[in-house]
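**Student:** Here is a sequence with its predicted model. Questions after.
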Amino acid sequence: MILNILSILLKLFEGHRFITESKKKGILAYLKFLQIVRTSIIGAICVVFALQLFVFACVGLVLAGLYLAPIENEIKAWIIFGLCACIVLFVGIVLSYVFSEKTWFKHSGVSKLISK
């Protein structure tokens, strides 16, 4: 009888210890996940800033080249207008692709989960 009671108490204590360990591991996994998310967001922001600098530098090179070119001002203005129109068109196409529901559906792996 006493051995049964001790056995039950030992199981309760071991179950409580297992739950405590699981909580600790869950909190550690959550903190690791937050660290990964924070690092990836910082990296994404750095990439966006670098791309902006690259685009500004490319546009600046073209504008400086046009300014130094020995052609009429009206032709320079049409070239700048065409360049800006191409940039707007390109950015619009890229943004429509990135924010497309079909693209997210395909790359997120949801289609594989639905098929299973």
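**Tutor:** Now that the structure is in, tell me what you want to look at.
**Student:** Please work out how many residues are found near residue 56.
**Tutor:** Per other C-beta atoms under 10 Å, the neighbour tally for residue 56 reads 10. Glycine gets a C-beta too; all of them are placed from N, C-alpha and C.
**Student:** Distance of it relative to residue 24?
**Tutor:** Per C-beta to C-beta, to the nearest Å, residue 56 is found 48 Å from residue 24.
**Student:** Same question for residue 64.
**Tutor:** From residue 64 to residue 24 the distance is 60 Å (C-beta to C-beta).
**Student:** quick one: low-confidence ranges for the protein?
**Tutor:** Applying pLDDT under 70 to the chain flags the ranges 1-3, 5-6, 8-10, 12, 15-16, 108-116.
**Student:** Just the helices from it, written as ranges.
**Tutor:** Along the chain, counting by DSSP state H, helices occupy 2-68, 73-98, 101-108, 110-115.
**Student:** what's the longest one packed up against?
**Tutor:** Translated: helix 2-68. Identification of packing neighbours for helix 2-68 by 3 or more C-beta pairs under 8 Å, 6 or more residues apart in numbering; DSSP states H and E yields helix 73-98.
**Student:** Please apply the same query to the third one.
**Tutor:** Of the remaining helices and strands, none touches helix 101-108 by 3+ C-beta pairs under 8 Å, 6+ apart.
**Student:** what's the spacing between it and its chain's center?
**Tutor:** Relative to the mean C-alpha coordinate of its chain, helix 101-108 is positioned 14 Å out (C-alpha atoms, centre = their mean, to the nearest Å).
**Student:** For residue 18, which residues are in contact?
**Tutor:** Not one residue lies near residue 18 by C-beta atoms under 8 Å, 6 or more residues apart in numbering.
**Student:** now it: how far from residue 31?
**Tutor:** Here residue 18 is placed at a distance of 21 Å from residue 31 (C-beta to C-beta).
**Student:** now do residue 47
**Tutor:** For residue 47, the distance to residue 31 equals 25 Å [C-beta to C-beta].
**Student:** so what's residue 44 up against?
**Tutor:** Residue 44 sits next to no residue when contact means C-beta under 8 Å, 6+ apart.
**Student:** And it, how far from residue 66?
**Tutor:** Distance, residue 44 to residue 66, by C-beta to C-beta: 33 Å.
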